[in-house]
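J.: Task: produce atomic coordinates for the following.
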Amino acid sequence: MDVDVVWGWSPSSSIDLLTTESVLRLESSSDDLRLVRVELSRLAEPPPARPRPLIPGLPDDLAAVILASLPYSHQARLRATSRSWNAFLAPSFLLPLRRRLRLPPRQLLCLFPADPSLAPPYLFDPAAAAWAPLPPLPCSPHLYGLSNFVPVSLGPHLYVLGGSHFDARSYPLGHPTASAAAHRLDLSAPPSLLAWHRLPDMLSPRGSFACAPVPGGGGGGCIIVAGGGSRHSMFPSEGSRMSSVEWYDVDSGEWKMGEGLPRYRAGCVGFLVPRGEEREFWVMGGYGDYRTVSGVVPADVYYRDAVVLGMRSGKWREVGEMWEEGERRKLGSVVVVDGEDWQAPGIFMLDRNDILRYDFALNRWLKESSLRRKVPADERCGFIAMNGELYVLTNAIQITDGSDPRRLPKKRLTLEIQMYNPDKRKWRFLTSNTPFHQPIHFKTAVACTIGL
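T.: So this is what the prediction gives:
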C-alpha cells in the first residue's frame, strides 16, 4: 500500500491514513509506534444526541425547581408542552421530587358541594385561585342523597368514608340509613387513570363521625374513625347513635375494631395530637342523649366535654367540660392547624363571627379574633385550615333583577374567602369565580385539605 509522506509529524501525535474500507491510524508516543485500524462503519455512527434541556437557557436543576413549584391546577395543561415536560410533571415523578427538594408543603382545598356521585368534587389552589375537577364517585341506581360523609387525606390519597343516604329498595321510603362504603382516589396517578376505587366496607355503617389520619413511618399509616350514626341532613330529628371505634390499615387494606367510646356520640369531630412519643386521638363535641320538648318533639343533648384515646395504650380518658352552662349550646366548626416539629397543633373553632382557640392547659375556648366581614346569622359558611391559615368561605352576594325571575345573573358565582394567620394575627381576603352553577350550600357541603 502506497502512503504519501506527511510532513510535520512529531512524537506523541497521530496520523490518519485513509484506505477504501478503513482508516489506518498511526499513533506514536515517546516509547513506541503502532498502527491501529479503525473501521469506517464505526466512524459513520453519529455521536449520541444530548438531551434537550427542560427550559432552554437554564440548567436542568434550576428548571426542575421552577416546574416543581407550578400550581397543581396548571400541571395537567402544561404537560402537553413537550415530551420532557410530560414525563417530568407526571405525579408519580413530581411528588417524590418535591419531597427530595424539600419544597414547602402545599395544601389544596377539596370541596364536595353535594352528593359526590352526582356533583363532582373540585380541588382549589389558593396560590393560583384556580379550580381543578375530580371524577365523581361511582353512581348506584338504588342509593341517592349521600350526606354527612367524611373526606380525609393521607399522603397523595383522598378517602371518602361512610355517610347517610337513602335506599330506594328500603321501606319506608325516605328513611335515612347509614353507609359503610369507603372509596379512595390516588392523586399521584396519571390524569387518564384518575378514578375512585372501592375499598372494603367499614365494619359498622356510620355517618357524621370523628375521623383522623395517622401517618406511618414507611409511607403507610391508618385512618381511625369513632362514633357516628345514621342521621341525614334533611331529617335532623331522625337517626341512630353509636360508640364503636375502628381503624383502616393502609398496608393490609383491612378494617379492625378498637376500644369503643365511653358512651354514644354522633356529630363529633376528631383530630390527632402528638404528646412526645405518644399520639392521642381527641374526640370533641357531638350529641348522644336526647330529650323531648313538650313531651313530643325530640331535641338533642350536646356534649360539652371531650374524650382522648392513647394510640399506644388503647385506653380512653375523659376531659372535663370545655364551657359553662349557657355560654354556648354546642360545639361549632373545628379545624386543626398542624404544629411544626411535633409540637401541639392549634385547635380553632368558628363560633358565629368569632374565632376561638382551644387552651389545652385550661380546657377552655379563648377568643382569638373576629371576622372582618360579618356573616349573617341565617347564613352558613365554610371553615377550613390550610397552609397554616384559617379560611372562612362564604358566597358573594349576587345582585339580580327582581322584576324578571327567569333572568339569570350575568356574573359567575363568586366565592369570598377571609384568611387569618394565627402566627401573624393578620387578615387577608381572596375572591374566586367558582365552576359551580348554583351557590354552595355550606350546611351540606363538605370540605377537607390534601397536601401535594
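
J.: you'd agree Ala180 is in a helix?
T.: No: counting by DSSP: H, G, I helix; E, B strand; the rest coil, one finds Ala180 to be coil, located in no helix.

J.: Give me the contact list for the host helix or strand of Ile224.
T.: Element membership for Ile224 (DSSP states H and E) is strand 221-226. With contacts defined as C-beta atoms under 8 Å, 6 or more residues apart in numbering, strand 221-226 is touched by 150, 152, 154-155, 159, 161-162, 202, 206, 209-216, 244-250, 258, 261, 265, 268, 270, 281, 283, 309. To be clear about C-beta, it is placed using only N, CA and C from the backbone, and glycine gets the same treatment.

J.: In the sheet, which strands lie alongside it, parallel or antiparallel?
T.: strand 210-215 (antiparallel), strand 245-249 (antiparallel) (DSSP bridges).

J.: Just the C-alpha atoms of it, please, in CSV.
T.: Below are the C-alpha coordinates for strand 221-226, written out as CSV (Å, rounded to 0.1, in the frame of the first residue of the first chain):
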residue,chain,number,x,y,z
GLY,A,221,-50.4,4.5,58.2
CYS,A,222,-54.0,4.1,59.2
ILE,A,223,-57.3,6.0,59.5
ILE,A,224,-59.2,5.9,62.8
VAL,A,225,-63.0,6.6,63.0
ALA,A,226,-65.1,6.9,66.1
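
J.: Tell me which residues of it come out buried.
T.: Neighbour-count burial for strand 221-226, counted by 16 or more other C-beta atoms under 10 Å, picks out 221-226.

J.: Check stretch 272-287 too.
T.: By 16+ other C-beta under 10 Å, the buried positions in stretch 272-287 come out as 272-274, 279-287.

J.: Check stretch 143-151 too.
T.: Buried residues in stretch 143-151 (16+ other C-beta under 10 Å): 143, 145-151.

J.: quick one, what contacts Leu393?
T.: 381-384, 415-417, 440, 442, 447.

J.: out of those, who's nearest Phe348?
T.: Phe383 (8.2 Å; C-beta to C-beta).

J.: residues contacting the closest one?
T.: 332-333, 335, 350, 390-393.

J.: what about Arg77, neighbour count?
T.: Per other C-beta atoms under 10 Å, the neighbour tally for Arg77 reads 10.

J.: ok, and what's touching the host helix or strand of Glu416?
T.: Secondary structure from DSSP H and E places Glu416 in strand 414-421. By C-beta under 8 Å, 6+ apart, the list of residues contacting strand 414-421 from outside reads 126, 355, 369, 371-373, 388-396, 398, 426-434, 440.

J.: Show me what counts as buried in it.
T.: 415-420.

J.: So for the next helix or strand after that strand, what gets flagged as buried?
T.: For strand 414-421, the succeeding helix or strand toward the C-terminus, using DSSP H and E, is strand 426-433. By neighbour count on 16+ other C-beta under 10 Å, the buried set for strand 426-433 is 427, 432.

J.: which other helices and strands contact strand 426-433?
T.: strand 414-421 (3 or more C-beta pairs under 8 Å, 6 or more residues apart in numbering; DSSP states H and E).

J.: For this protein, give me the ranges with low pLDDT.
T.: Along the chain, segments meeting pLDDT under 70 span 1-50, 217-219, 234-238, 292-298, 340-343, 397-411.

J.: Show me how it divides into domains.
T.: Structural domains assigned to the chain are 1-45, 137-330, following automatic domain parsing.

J.: Pick the most buried one from those domains.
T.: Stretch with highest mean neighbour count among those: domain 137-330 (a mean of 17; mean count of other C-beta atoms under 10 Å).

J.: Can you give me the first-to-last residue distance of that one?
T.: The separation between the terminal residues of domain 137-330, taken as C-alpha to C-alpha, to the nearest Å, is 32 Å.

J.: do the same with stretch 251-258
T.: 17 Å.

J.: Could you give the bridge partners of the closest residue to Tyr248 other than its chain neighbours?
T.: Nearest non-adjacent residue to Tyr248, counting by C-beta to C-beta, 6 or more residues apart in numbering: Ile223, 4.6 Å away. Ile223 has these beta-bridge partners by DSSP bridges: Pro213, Tyr248.

J.: quick one: Ile223 and Trp427, what's the gap?
T.: Here the distance between Ile223 and Trp427 works out to 33 Å (C-beta to C-beta, to the nearest Å).

J.: just so I have it, where are all the helices in the stretch 51-200 of the chain?
T.: 60-68, 72-78, 83-88, 91-100 (DSSP state H, counting those that start in this stretch).

J.: out of those, which comes closest to Arg328?
T.: Between Arg328 and the helices of the stretch 51-200 of the chain, the shortest gap by C-beta to C-beta is with helix 72-78, which sits at 37.7 Å.

J.: Just the buried positions in that closest one, please.
T.: 72-73, 75.

J.: residues in contact with that helix?
T.: Contacts of helix 72-78 (C-beta under 8 Å, 6+ apart): 70, 85, 89, 94, 106, 108, 123, 125, 128, 130-132, 191, 452.

J.: go on, stretch 358-370?
T.: With C-beta under 8 Å, 6+ apart as the test, stretch 358-370 has contacts from 319-323, 344, 347-349, 351, 353-357, 420, 422, 425, 427.

J.: Repeat that for stretch 317-327.
T.: Contacts for stretch 317-327 (C-beta under 8 Å, 6+ apart): 262, 284, 304-308, 310, 331, 358, 363-365.

J.: that older thread, possible to save the domains of the chain as TSV with distance to Ala119?
T.: Formatted as TSV, the domains of the chain follow (distance: least, C-beta to C-beta, whole Å):
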stretch	distance to Ala119
domain 1-45	59
domain 137-330	10
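
J.: The helix or strand in which Ser369 is found pairs with which strands, parallel or anti?
T.: Using DSSP H and E, Ser369 falls within strand 364-370. The partner list of strand 364-370 in its sheet, established with DSSP bridges, is strand 354-359 (antiparallel).

J.: what about stretch 53-73, distance to the chain center?
T.: Centroid separation between stretch 53-73 and its chain, computed with C-alpha atoms, centre = their mean, to the nearest Å, is 24 Å.

J.: all numbers from here: first residue = 36
T.: With 36 as the first residue, the last one maps to stretch 88-108.

J.: Identify each buried residue in that stretch, please.
T.: So stretch 88-108, judged by 16+ other C-beta under 10 Å, has buried residues 89, 98-99, 102-103, 106-108.
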